[in-house]
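**Student:** Sequence and predicted structure below; questions after.
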Amino acid sequence: MHLLRSEYSTPNHVLVHVSDPHFVEEGLLYGELDPQTGLVEVLNAVEASGLKPEAIIFSGDLTDKGSLEAYRRLRTTCQAYAERMGAQLIWAMGNHDERSNFQKMLLDEAPQTFPVDRSYHLGNLRVLVLDSSTPGHHHGEINDEQLRWLAGELETRADDGTLLVIHHPPVPPVQELAVLSELRNQDGLARVLKGSDVLGILSGHTHHSVFSTFAGIPVSVAASTSYNQDLAMPAGAMQGLDGARSFSLIRIHNRTFVSAVVPVGEYPRMSSHVTAEEARQRIQAASIAIPSATENAGGTPTGRH
């Protein structure tokens, strides 16, 4: 019997991307919703899936006001899930975050005033975290020193490529009012990224999912675990939803970047389903073999100091 090989191998890396939990010190966010409930709903779904991601990547706005207690609550909540799943937690700064408290509570580092840019390695996959926050403002910017740091990191290519994490997405805004808080001066970032080994860019900030490209690189923007924007409204209008939560499943297949939105919540399920074992049997019966990729795990951060 002739055995066919699938077009792609199993993934080298499986990651989970979430964003904008907007944790508060106590009480409700904007007096209306509990951000911890939303994040727990998402993390419960990740854990129940059995995915076992190498890392859970948070792309900013981790807290709403940047308080120490809010960061402590966030870390306590997330660490228990990460330990059970064997996943590393990777954090990025957002416009609602506060650099000193972020470093102290999430990175266990002495607070510094300059942007918090970091490099992590998950086996042979590199994850670069770029701080696009501008203290006191909601828009994003990347300064020249940060671009030099990024260019220096990218001079050496990673065996499995690089993911860039940046809170403000370098893509056209879907909602008109979002121009007030977009990433500014994007040309310099594009020049550094063109021709590099960056496979994909992970962002947040918008409170809704977005897919686009920047400098020829796929951009995946995760929805928020706290609240999301209703995009089915007249142009220019905005309204938040206490729901529509999801996480992004990131898979790297030998330098091919794949991002899938995974909705969370309870919905009626269809009566028919296929078990994992039945799926394997069907693939085998069709004489198709899926090549295995080398699995890489673990990660060690290094910083720009």
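**Tutor:** Alright, I've got the coordinates. Residues are numbered from 1 along each chain as shown.
**Student:** now do the same end-to-end measure for stretch 121-132.
**Tutor:** End-to-end distance for stretch 121-132: 21 Å, by C-alpha to C-alpha, to the nearest Å.
**Student:** could you pull out the helices for this structure?
**Tutor:** Using DSSP state H, the helices of the chain run over 35-49, 68-85, 99-102, 144-154, 186-193, 276-285.
**Student:** Alpha carbons only: can I get the last one in PDB?
**Tutor:** By that I understand helix 276-285. Taking Å, rounded to 0.1, in the frame of the first residue of the first chain, the C-alpha atoms of helix 276-285 are listed here in PDB:
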ATOM      1  CA  ALA A 276      -9.100  11.500  18.900                       C
ATOM      2  CA  GLU A 277      -8.600   7.800  18.500                       C
ATOM      3  CA  GLU A 278     -11.200   7.600  15.700                       C
ATOM      4  CA  ALA A 279      -9.400  10.500  13.900                       C
ATOM      5  CA  ARG A 280      -6.100   8.500  14.000                       C
ATOM      6  CA  GLN A 281      -7.800   5.500  12.700                       C
ATOM      7  CA  ARG A 282      -9.400   7.400   9.800                       C
ATOM      8  CA  ILE A 283      -6.000   8.900   8.800                       C
ATOM      9  CA  GLN A 284      -4.400   5.500   9.000                       C
ATOM     10  CA  ALA A 285      -7.100   4.000   6.900                       C
END
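**Student:** if you average pLDDT over it, what comes out?
**Tutor:** Mean pLDDT, computed over helix 276-285, is 92.
**Student:** low-confidence ranges in the chain?
**Tutor:** Within the chain, the ranges that satisfy pLDDT under 70 run 1, 294-305.
**Student:** What is the burial count for residue 256?
**Tutor:** Neighbours of residue 256 under the rule other C-beta atoms under 10 Å: 16. C-beta coordinates here come from the backbone N, C-alpha and C atoms, glycine included.
**Student:** so who does it touch?
**Tutor:** 8, 199 (C-beta atoms under 8 Å, 6 or more residues apart in numbering).
**Student:** could I get the helices of the chain as JSON lines with distance to residue 207 and mean neighbour count?
**Tutor:** Below are the helices of the chain laid out as JSON lines (distance: least, C-beta to C-beta, whole Å; neighbours: other C-beta atoms under 10 Å):
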{"stretch": "helix 35-49", "distance to residue 207": "11", "mean neighbour count": "18"}
{"stretch": "helix 68-85", "distance to residue 207": "17", "mean neighbour count": "17"}
{"stretch": "helix 99-102", "distance to residue 207": "20", "mean neighbour count": "20"}
{"stretch": "helix 144-154", "distance to residue 207": "25", "mean neighbour count": "16"}
{"stretch": "helix 186-193", "distance to residue 207": "20", "mean neighbour count": "16"}
{"stretch": "helix 276-285", "distance to residue 207": "33", "mean neighbour count": "10"}
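**Student:** among the ones you listed, which is nearest residue 262?
**Tutor:** Of all the helices of the chain, it is helix 35-49 that lies closest to residue 262, at 7.1 Å by C-beta to C-beta.
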